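> Need the 3D shape of this:
(2 chains)
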There are 2 protein chains.
Amino acid sequence: MSRPAVEFWFEFASTYSYLSVMRIEKAAATAGVEVQWRPFLLGPVFLALGWNDSPFNIYPPKGRYMWRDLERLAAKEGLPFRHPSRFPRNGLLAARVALVGAQEGWVAPFARAVMTANFAEDREITDETVIAGILGDMGLAAAGVIARAQEDANKRALRVQTELAAELGLFGAPSFRVGDELFWGNDRLDDALAWACRP
Amino acid sequence: MSRPAVEFWFEFASTYSYLSVMRIEKAAATAGVEVQWRPFLLGPVFLALGWNDSPFNIYPPKGRYMWRDLERLAAKEGLPFRHPSRFPRNGLLAARVALVGAQEGWVAPFARAVMTANFAEDREITDETVIAGILGDMGLAAAGVIARAQEDANKRALRVQTELAAELGLFGAPSFRVGDELFWGNDRLDDALAWACRP
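Model (predicted):
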């Protein structure tokens, strides 16, 4: 009997998604669980909750804490981290490209490179030349990938995926689903993998 | 050189505080770290953030997730759990009594009994007879303890402690402090203890 996969719902603007993007493939491989990458946009999900910005900006004490927490967690995991000069950065283009990458099999290294640009190198991931540079470094034909990412069908697919996120009860990122079971936050990645391994 | 203590900031209405109250003494003893119990009230802290109720009630998807998460975590830790018929329950009286208990050395077992009443037995911890019953079961003279808890100086001390919580940057419970380092959430208890043990 095969194990259920873990659906990994993430957003490129999300700080705690950075931590999960960087470690999920290794953790899942160790657990013997397949990862299904589900890029989506937090903006519409947050708007439905009444937030027109990141809650880390709306609620300053939460924001101050989050940046320190992230610094500590990155140090603990040996990940580079630099406080981005702009937060949140719009992850729309990166998410569209990631959706193409999920179909073509290169989403994991692409997501790691974008997250590193945003949270370790303070680069503008909204900038098409930054995304094109990442794709080029991966040996992909950047112009063609970005053209596929901007096709109407792919734009629509990201909208549908984001609507689905809200319908499934997601309210933040990263989130993980195993069957109908929802886990929220980088702190729950190991619990989600353990759930997938239950007999 | 002695280790710094961990300050444990908790609220009796808080679901994730339940998990920490039940396990902190054992975890801290294993780590060789002293626990300083800091009961406070989330209500005024939340009001300052613009919330006039628990965020788990204000944001239904967060609430639905929290109850399922709590159920899973309680099962994982072998803790009894019953979805309370009222949430949040006002923790004012229990917090005042806990403040007396922190001075007199019985706060830990008192807090565990109140949390069990609220989250495992669905009892009304706002009810003075419930609190008196818990104190009596602990072999304490309930009427005298409750009278001390309701003295002006003790009421003021809880207000001061709650104001201090906000000044220290707390925005939820449970929270832990080690020196100036803040950790939020039951998920960070082990990190807080590890921080206290750093060389």
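> Near residue A:154, how many other residues are there?
17 (other Cβ atoms under 10 Å in any protein chain shown). Any C-beta I mention is one placed from the backbone N, CA and C, and that applies to glycine too.
> after the helix or strand encompassing it, next one along is what?
Using DSSP states H and E, the secondary-structure element containing residue A:154 is helix A:152-167. Once helix A:152-167 ends, the next helix or strand along the chain (criterion: DSSP H and E) is strand A:175-178.
> Name every strand pairing with the helix or strand following that next one and say which way it goes.
Scanning forward in sequence from strand A:175-178 by DSSP H and E, the next helix or strand is strand A:181-184. Strand pairing for strand A:181-184, determined by DSSP bridges: strand A:175-178 (antiparallel).
> Only alpha carbons, please: show the strand it pairs with as PDB.
Presented in PDB, the C-alpha positions along strand A:175-178 are these (Å, rounded to 0.1, in the frame of the first residue of the first chain):
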ATOM      1  CA  SER A 175       0.400  24.800   4.800                       C
ATOM      2  CA  PHE A 176       0.500  21.100   4.300                       C
ATOM      3  CA  ARG A 177      -2.200  18.700   3.400                       C
ATOM      4  CA  VAL A 178      -2.200  14.900   3.800                       C
END
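> what's the spacing between that strand and its chain's center?
Distance of strand A:175-178 from the chain centroid (Cα atoms, centre = their mean, to the nearest Å) equals 12 Å.
> just stretch A:80-99 next, same as before
The answer for stretch A:80-99 is 9 Å, by Cα atoms, centre = their mean.
> Could you find the closest non-adjacent residue to residue A:123?
residue A:117 (4.1 Å; Cβ to Cβ, 6 or more residues apart in numbering or on different chains).
> So the one you found sits against residue A:125, correct?
Yes. At 5.5 Å, residue A:117 counts as touching residue A:125 under the criterion of Cβ atoms under 8 Å.
> and residue A:33, which of the three is it?
Secondary structure of residue A:33, reduced to three states by DSSP: H, G, I helix; E, B strand; the rest coil: coil.
> ok, now which ones touch it?
Listed by Cβ atoms under 8 Å, 6 or more residues apart in numbering or on different chains, the contact set of residue A:33 reads A:3, A:4, A:5, A:6, A:193, A:196, A:197.
> From residue A:170, how far off is the residue nearest to it when sequence neighbours are not counted?
In space, and not counting its chain neighbours, residue A:33 is closest to residue A:196: 4.6 Å by Cβ to Cβ, 6+ apart. Applying Cβ to Cβ, to the nearest Å, the value for residue A:196 to residue A:170 is 18 Å.
> And the pLDDT for residue A:1?
In this model, residue A:1 is scored at 57, pLDDT.
> Going along the chain, name the helices of chain A.
Assigned by DSSP state H, the helices in chain A fall at A:15-31, A:42-48, A:55-58, A:60-77, A:92-104, A:107-119, A:128-137, A:142-149, A:152-167, A:189-196.
> how about the third one: buried residues?
Within helix A:55-58, the residues that qualify as buried by neighbour count (16 or more other Cβ atoms under 10 Å in any protein chain shown) are A:55, A:56.
> you'd agree residue A:188 is up against residue A:176?
Yes. Counting by Cβ under 8 Å, residue A:176 is a contact partner of residue A:188 at 6.4 Å.
> Between the two, point out the one with more neighbours.
Each of residue A:188 and residue A:176 has its neighbours counted (other Cβ under 10 Å); residue A:176 has more, 28 against 21.
> Not counting sequence-adjacent ones, nearest residue to that one?
Among residues not flanking residue A:176 along the chain, residue A:192 sits closest, at 3.7 Å (Cβ to Cβ, 6+ apart).
> hang on, the earlier thing: got a list of what the residue nearest to residue A:123 touches?
Residues in contact with residue A:117, defined by Cβ under 8 Å, 6+ apart, are A:123, A:125, A:130, A:134.
> Tell me the residues on chain A that lie near chain B, please.
Counting by Cβ under 8 Å from any Cβ of the partner chain, chain A comes close to chain B at A:49, A:59, A:61-62, A:64-65, A:68-69, A:72, A:76, A:166, A:169-171, A:182-185, A:187-188, A:191.
> ok, of these, which come out buried?
A:49, A:59, A:61-62, A:65, A:69, A:72, A:166, A:169-171, A:182-185, A:187-188, A:191.
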